[in-house]
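1. I would like to see how this sequence folds:
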Amino acid sequence: MNQPDEQVLLLDDNLRVIGTEAKSRVHSDHTPLHLAFSSYVFNQRNELLLTRRALSKKAWPGVWTNSACGHPMPNEEMSDAVRRRCQWELGLTISQPQLIDNDYRYFAVDASGIIENEYCPVWFTRTDSEPQPRPDEVMDYSWVPVVRLLAGVSAIPAAYSPWLVGQLARPAIRRALETLPL
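-> Presented below is the predicted three-dimensional model:
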């Protein structure tokens, strides 16, 4: 279930906003390029919050992915959108999100034919609390050390979302993960 009245910003190939569309109508077998974000939430032990997408999700149901993803609404700052989505989807209050990779863009087709076509900046943030996820968004979660996640993605990439796999391969994200205090 989407947040009420959630609008997605549609983009042209130069990443300029060219309009909006209801999120409920954007993701299909001909999804237009649109603006999104991925967030990675860490706890005080530097473990990453992995979430498993609910089986009711339209695309990639049941796969493990990063903490939360979403779409900024018109006239919403991206960092505010990250905070809003983490609160709504996970019940988490997070610290100031930090932009890690502003150049991530991907196109992927899931087994049902649903397409993701997103320009998707990647953000890191922290929390001091345990998630209280919405069951229509997240069926399970786990706090994991980054080294364990990287080993899992390397061994069985199909168990994870394509955006997580793609993001973890990016140099900017790998550098940011390597600089986390141990």
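
2. count of residues packed around residue 170?
-> When neighbours are defined as other C-beta atoms under 10 Å, residue 170 has 15 of them. C-beta: built from backbone N, CA, C; applies to glycine.

3. for it, what are its contacts?
-> 101, 104, 122 (C-beta atoms under 8 Å, 6 or more residues apart in numbering).

4. wait, doesn't the last one sit right on residue 173?
-> Yes. With contacts counted by C-beta atoms under 8 Å, residue 122 reaches residue 173, the gap being 6.0 Å.

5. Could you identify the helix or strand that succeeds the lengthiest helix in the chain?
-> Across the chain, the longest stretch assigned as helix under DSSP state H is helix 78-90. On the C-terminal side of helix 78-90, the closest following helix or strand by DSSP states H and E is strand 98-101.

6. Can you tell me the strand partners of that next one and which way each runs?
-> strand 122-126 (antiparallel) (DSSP bridges).

7. And the partner strand, how far out from the chain middle?
-> Computed by C-alpha atoms, centre = their mean, to the nearest Å, the chain-centroid distance of strand 122-126 equals 10 Å.

8. tell me which residues in the very next helix or strand once past it are buried?
-> From strand 122-126 onward toward the C-terminus, using DSSP H and E, the following helix or strand is strand 138-144. Neighbour-count burial for strand 138-144 flags 138-139, 141, 144 (criterion: 16 or more other C-beta atoms under 10 Å).

9. Which pair in those has the greatest spatial separation?
-> 139 and 144 (16.2 Å; C-beta to C-beta).

10. For the longest helix of the chain, buried residues please.
-> For helix 78-90, the neighbour count (16+ other C-beta under 10 Å) marks 78-79, 81-86, 88-90 as buried.

11. Using TSV, please lay out these together with distance to residue 9 and pLDDT.
-> Putting the buried residues of helix 78-90 into TSV (distance: C-beta to C-beta, whole Å; pLDDT from 0 to 100) gives the following:
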residue	distance to residue 9	pLDDT
78	11	97
79	15	97
81	10	97
82	15	98
83	18	98
84	15	97
85	14	97
86	19	98
88	18	96
89	19	97
90	22	98
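
12. Now for the protein, the helix or strand with the poorest mean pLDDT.
-> helix 23-26 (a mean of 88; mean pLDDT, DSSP states H and E).
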